[in-house]
Structure formats: structure tokens, C-alpha cells
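Colleague: this is the structure alone, sequence omitted:
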């Protein structure tokens, strides 16, 4: 079916207010935050704003009957092209469908529509002394639907795991337009082992199996206290060794972040007043829980880090904590400014490796940066081995673009070689799809078979994940 | 292919020492702990003891080529007939394949073969200050392979979740005999969002998708302290209300157990020296963490429970804790002794409902017991709404058997009606399979499609789960 006919049919269904078909509007939807979509942008045929499960069903029935691709989209904060119509199709912008349907305080859970913003959900939950622990960097913008589709995590995954851990059930419109409810048709149970776990199969499936239209999330009691420790290391290997020492002391911090020398330098150039110490690495530990527990764990971290660090500072004072964390919070922005004509790009930026390999990986990336003459700023969630490597280039310079593509290819292969993965939390999307056979071998074939079981016509978000 | 030919072929492959084909031996494998297998027992054609991935491949290639069913079995501690050849076939007894392949302390993970016993794994991990948190009642007997296949949990799921949460990757022999590695071919990453999450799909799949031959588990730092609180309630509704109060105070205990009046009576008759107070319900809270945290949380629980309980006792003294926990630890045995000619049966024993419905469900089950004239002893993991209902009958009395089957059918339907599930942790197996369409609706059809994608010939553990 051609683009114009699709637009005409959608106009009949949704009217002009809930449809975009103007080229300029569509162009906006050819991007997310990935470098890939800046290189090769493809506009969708149309964008629709569904506001009910029936809306989504109507679109999918139409798409199914006419073999038209469908691409679900949240806030578009992804870094992998996951929500972009790389092979054409209808984009479902779900960001305006943002009702919190039910905060079920008694049963420690919440039901939301896909467009709810992460930070807004936690603001609401806080009124009930509850929280949804995953904490992505894009909290103020990203949607819960996007988090579920990508199994997002962020700072607190060390202690609290990823989004997956909290998803109790989903409403999903499958490709033929039927409505499937996972985790039990009527269930509000917190624990349930009945049937194949389609809920967890859907989490992180990046829209290739269906459209997530409702989400039931487990919530945790909101911790009452937190504390931050900052430790400075002259030797890179001492950073992961200290992380292990802290674990060995029986402590699971809510977050453990690293900035290596490249990130420290970037931060100090971007915001000189922060004055991070010149060092090989900085570790930031965040601890949460009840007040005496936080004090206790802070002391243990101070002691453990003290064995190897040049200096350690620990605080539970909110102002001081914000100050200690400031370097980390501006790192992403700082990376973009390491050269006046440069931008930080999102490509090969999300590898995850075993803790025992982190230092080697950071050294290898420094070496790769030298080889290609490209600066790479390294930081991230060292507690679970998830390193964000931010290459900085002038994207207008074709030679640099060519080089950075080779560099990030090597970074992806390095991650697999170092017993890690090409993506710890940002997802595969269109960017990392080509590594799937290498990373998964036969499992990749079974992913394709599973996809086929849900979507035999291949209309759901083609060109992504697998 | 007939039974004798199958036995002959397996004899050629494995020799007499690793094969059982004698009728008496096979009869032993017609049981697990379920009541169902006591009512209708089916012996397998043969039992094989694989000790390598290649062994399992060899069996599956043979079974695949000849359309023979294959049923994986761990320690046989299941309560759903999950490891029994209800439709005939070859049982793979994996319990002797019990190597801990690698304790990777630096990367907080362990790799095991399926036959490793839960308690033994944790004993080994303790030497490295690590632990694998799920804690099933059958810890001393059950295998990690069985725990993964059933997504087992137990006492600590409130805080630590179920087995699923810890499974980072699996080696699985798929029905045609190929070897699939999930979670990344070579990966030792702790966080990984690459590809469809086949790891979590396999967890709890009860052997219907393939044979799990290697398991990579995340481990947590072992907590250094614990404490126990026992609270006594004159009013059943006060028990779940107190659980919620504790959550609201920001505390997630490692376990919250309930014994209702029926269980209290059973314990006191079984072991009069325990002298549990005569009450409508007892709650037991277990808290773990660092010492000051445990003290703090104990005080909060004492305060919260004190608002509604007749009495609360809190202790961190190991002897006193064991004493407080004694009633809970003998409940399962006590249930078997509530009448001299009776046995506690495993049928309808594992429902999970929202916390807000627990009291109503316990009352409804008491009512059902009266209706059928059958005693039901109620206890379990109230923290996640997982109630164990133990009917006690004389299994030699056909009239009581008839009645109890009606009773447990009503319990299962009640669980679904009360927004819960037929099984919180024991699994579906052959026992609860018939509720799958009612519980899951269209999702059940997609479970069947997924099964078809992995096992088009339907040889893996037929008659189970879906």
C-alpha cells in the first residue's frame, strides 16, 4: 500500500488532530538520539497518536491486513534508532497516552499507560511512600513504555536490577490487532509462576513482538536515607578492585559510578569550578536504606576504598552530596564539549563487561581512540560493568565520521571479546542489530523463530533488535 | 517407537550403569511430591543419567528423530508432576550431574550444572562471602536446575525476588539436540539487554522448551546479620494490614510468613512444647542486612506490629530466633499430623493473591473446608501473597479423595477470582495445566505458539505447563 493511501486511511480513522502526515512533521520522527539516525534518516509514512487500546488495535488491524510496518515510539530519547521507521511504516507516538491508571498502594503496585514519564511516576508514587527503583539518565523525559520496551535501567541497577524485575504484567496489542494480557488476565498477584513468562519476554523486545498498551509495575517502599562517597584513584585497576572489596564486605550500594581520566578532564574543562582531582579514576558510591544502615555502609565504604584510594569523602548532607555528585551529573554534557567543533555521539556507547575486565577495557578503548585519532570519554555504571564510552567528533567531517564508525565497530567487538555485551542498557535497535548473530549464535535463530511466532508477517518494528 | 526398542537403543548409548529400565526402578520415577502422581502414576520408558551436554544432545537427537518424549528431572521434590512422564517417554535424571563449574567471585556470579543442590551451592558460596538469595523449603534436596525450570522462590522472595532474577544465562539443549546459549555466547556480563530475553523465557518453562544443562547465576554479597519478629493477632485482617504498615514504614523484610488459626492448632498438636499462642494469626518477619540496619528495622517492625498485635517479640539472638521460627519450620510436617489417619496432600497448595485479598481468601478457604468436611491448614509467604493451603485427608478413602479434588478445584478458581494466580512458586506441571486458558486467555495461545517455535514435534515434557 502506498504512503498516500495509508495517510488517507489513517485520516479517516483518526482525523487531522491525531495524525501527522506533513513532510516537515514526519522528518522530526526520523530521529532519536542515535548517531545512526543523524547519518541516515528515514521519515515514517505517518504518525498517529493513539489514546486507547482500541486505537492501537484499529491501527494494527489495518497494518496487518495491508502489510504495513508499525513502529511504537515513546519520548524518542533512545540511542539506537529503535523508534525510527528505518524500513518505512506508521509511527505510533504513545507519549501523550500518559495516564497513571491505578496506584494500588495496598498491593505495592501501579498500573500505567505507556506514555507516563519516569520522573512523574516516581513523584506520584512518593506520595504513597513507594518508588519504582530503575533510574535512567533520561528520567525527566523518557516514558515507562519505552523503559519496558528497552528494559532500561541506569544508576540503581547494582542493587535494584533493571526495569524487567518490576514488570508484573502487560497489556499488549499483538501484530494482528488482538489484545494479549500477560501475567494473568485479572491478576494483581506479586508472585506468579503460571505459564511461560511472556511478560519478561516482552520486556526489552523493542517493539518487535507487539505494542505495549498497559503496564503493571511492582513498587518498593521508598528508602528514607541516602549517602554518597567519592573516592579518587591514581591507578585505574584500583577502581574495580575497590568495587569488589565493597561487595566482599557485604554491601550492595544502590549505585557505583566511574569517571576515568578522560571524563575527569572533560568535566573540569566544561565546569572548572567543580575541580575534580586530576586522577586515573574517580568512583562514586550511592548507598540508600534506613539512616543507621546508610551510616554503617558509608563507614565500610570509606574503609574499603581507603585501602587503595588517594582520598575518600563520604557525606549524607544533601548539599554536600549534590556537590560530590556534580561531576557525574554533568559528564554527559561535558563530553560534548571536549572540543569546540565536536559533538559527543551515541554509537558504541553502552557496552557492559565483567567487573574483572573493566580496567582492561578502558585501557583498550583509550588505545583505540589513539589509533583512530578520536577522543573517547569514558564513564558509567561500573557496579554492573556497564561502561558508557562517548566518542567526540565533528559530525560534519566525513573523514571523522568514517573513522568513528570503524572505532565503534571495534568497541562493540571488543565488548564481545572481553566476555561482555554490546549493550548493557540502551538496547540494540537498528544500531547494534548486526552483532546479534555473533553475540548469540544459535540463540539468535530462536529469537527469530519467537518473533515469527508472534509476527509472521513481520510488520512490527522491522530492522530492529534481531 | 516401542518401549523395548527405546530401552535397547539407550543401552547401546549409555551402558547398563547409566540407564534404568527395570519396572521397579521405573516406578520410582512415576512420582514426585504431588497428590496427582499418587492418584495416577505413569512410569517412564527408561531413565538415563546424563553427565555432559553431549549426553543430553545424544538423547535429544535420538528422541527428536523418533518422536519420543523427553522429561527432565532434578531431585523430584516438585509438587505438580512436572518431572513425571505423564504421556510416556525418557526421563533424564540430572540430579547426579552436580558440578559447580566456576565460582567467579570477581564478577559476582557462579556457573553450575543442573544437579547442584541449593543448600550445597550456598554453603560453597558462603566461603566467598556470596549467596544465591532464593530460599525454597526444599533447599536441602532440590536442584538448581529444578529451581530454574520452575522459577522457584520461597521465604526470601519479598526482598530478593525469585530465581528468575538471578539467572544471567543458560546453556540449553533444544529439542532437536542443538546447543543454545542464552544471555550471550561468551558473556559474563551482569547487565545485558541484547536480543530477545530467552534466558527469562526459559526460567519457569518447566522443561517444555528444552533441557537446561548449564546455569550462570548472579550472586549477592552475603548479609552479615539477621533478626526475627513474631507478632500475634486476634483478628485475621490485622495481619495483612500490619504487613502493609511495615512496607509503608519503608521496610522490605527478607521474609514475612503467616500461620493462621488452622496452622497454629496443627503446630501445637504436633509439637506441644512449642506452645504457639492461641490466635487468629501469627506473623513472622525476617530482616537481614548489616547489624545496625537489622536493629533499626526490628524496632520499626515492633512499633508497626504493636499497633494491632496482641504481642510482638523481636530477637537477633540466634537461639531465640530459631525458637521463634520453630513453629513455622514444623508447619508443613504438622499439617500432615492433624488427624491420625490423615496425610497432608499437595494439590491446590500454592495460590498467590494480592495482599489486600489474603484475609478474605483465608476465610473463604476455611468456608470451603467446612463445605467439604476437609481440614485445610493455611500458612505461607504472606509478604508476596503466596498462601500455602494444605488439605489433610485419608488418601485411602475414595470419598475423601473425590471431595478433596472438588475442594482444590474451588481453591484454584477462587485464586483466579480473587485477582491472584493458581501458583505462586510451585509451578503448573500436570496439576494446574487445565487452568491455563482461564488464567491467561489469549496469552495462553501465544505460549503455545512459542512452544511450537522451539519444539514443533512436541517431544519436550508434554502434558505440562500449557
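Modeller: Happy to help now that I have it. Keep in mind the model is a prediction, meaning the values are calculated, not measured.

Colleague: how about residues contacting stretch A:453-466?
Modeller: Outside stretch A:453-466, the residues within contact range by CB atoms under 8 Å, 6 or more residues apart in numbering or on different chains are A:63-64, A:67-72, A:80-82, A:86-87, A:89, A:174-175, A:205-211, A:427-430, A:433, A:436, A:444, A:447-448, A:451, B:195-196, B:446, B:449-450, B:452-453. C-beta coordinates here come from the backbone N, C-alpha and C atoms, glycine included.

Colleague: in ChimeraX, select just the buried ones from these.
Modeller: Here is the ChimeraX command that selects the buried residues among these (16 or more other CB atoms under 10 Å in any protein chain shown):
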select /A:63,64,68,69,70,71,72,80,81,82,86,89,174,175,205,206,207,208,209,210,211,427,428,429,430,433,436,444,447,451 /B:195,196,446,449,450,453
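
Colleague: in strands only, show me the contacts of stretch A:453-466.
Modeller: Cross-referencing the contacts of stretch A:453-466 against strands under DSSP state E gives A:70, A:71, A:72, A:211.

Colleague: residue A:2: how many residues sit nearby?
Modeller: 8 (other CB atoms under 10 Å in any protein chain shown).

Colleague: and it, what's its pLDDT?
Modeller: What the model reports as pLDDT for residue A:2 is 95.

Colleague: also residue A:348?
Modeller: 87.

Colleague: list the contacts of whatever residue of chain A ends up closest to chain B.
Modeller: Chain A approaches chain B most closely through residue A:293 (3.2 Å), counting by CB to the nearest CB. Residue A:293 sits next to A:225, A:287, B:289, B:290, B:292, B:293, B:296 when contact means CB under 8 Å, 6+ apart.

Colleague: again, 6 Å this time
Modeller: By CB atoms under 6 Å, 6 or more residues apart in numbering or on different chains, the contact set of residue A:293 is B:290, B:293.

Colleague: next step: the contacts of stretch A:453-466 restricted to helices.
Modeller: Mapping these onto helices (DSSP state H) picks out A:63, A:64, A:436, A:444, A:447, A:448, A:451, B:446, B:449, B:450, B:452, B:453.

Colleague: nearest to residue A:351 among these?
Modeller: Residue A:351 lies nearest to residue A:436 out of the ones in helices among the contacts of stretch A:453-466, by CB to CB, at 14.8 Å.

Colleague: stretch A:416-424: how far from the chain's middle?
Modeller: In terms of CA atoms, centre = their mean, to the nearest Å, the centre of stretch A:416-424 is found 16 Å from the chain centre.

Colleague: likewise for stretch A:433-446?
Modeller: Relative to the centre of its chain, stretch A:433-446 is centred 20 Å away, using CA atoms, centre = their mean.

Colleague: contacting residues around it?
Modeller: A:412, A:416, A:422, A:466, B:178, B:180, B:182, B:184, B:185, B:194, B:195, B:198.

Colleague: is it correct that the fourth one falls within a helix?
Modeller: No: counting by DSSP: H, G, I helix; E, B strand; the rest coil, residue A:466 is not found in a helix; it is coil.

Colleague: just give the nearest non-adjacent residue to it, would you?
Modeller: Counting by CB to CB, 6 or more residues apart in numbering or on different chains, residue A:466 lies nearest to residue A:447, which is 4.6 Å off, once chain neighbours are set aside.

Colleague: same check, this time on the fifth one
Modeller: Nearest residue to residue B:178 in three dimensions, chain neighbours excluded: residue A:442, at 5.7 Å (CB to CB, 6+ apart).

Colleague: so residue A:90 bridges to which residues?
Modeller: residue A:46, residue A:70 (DSSP bridges).
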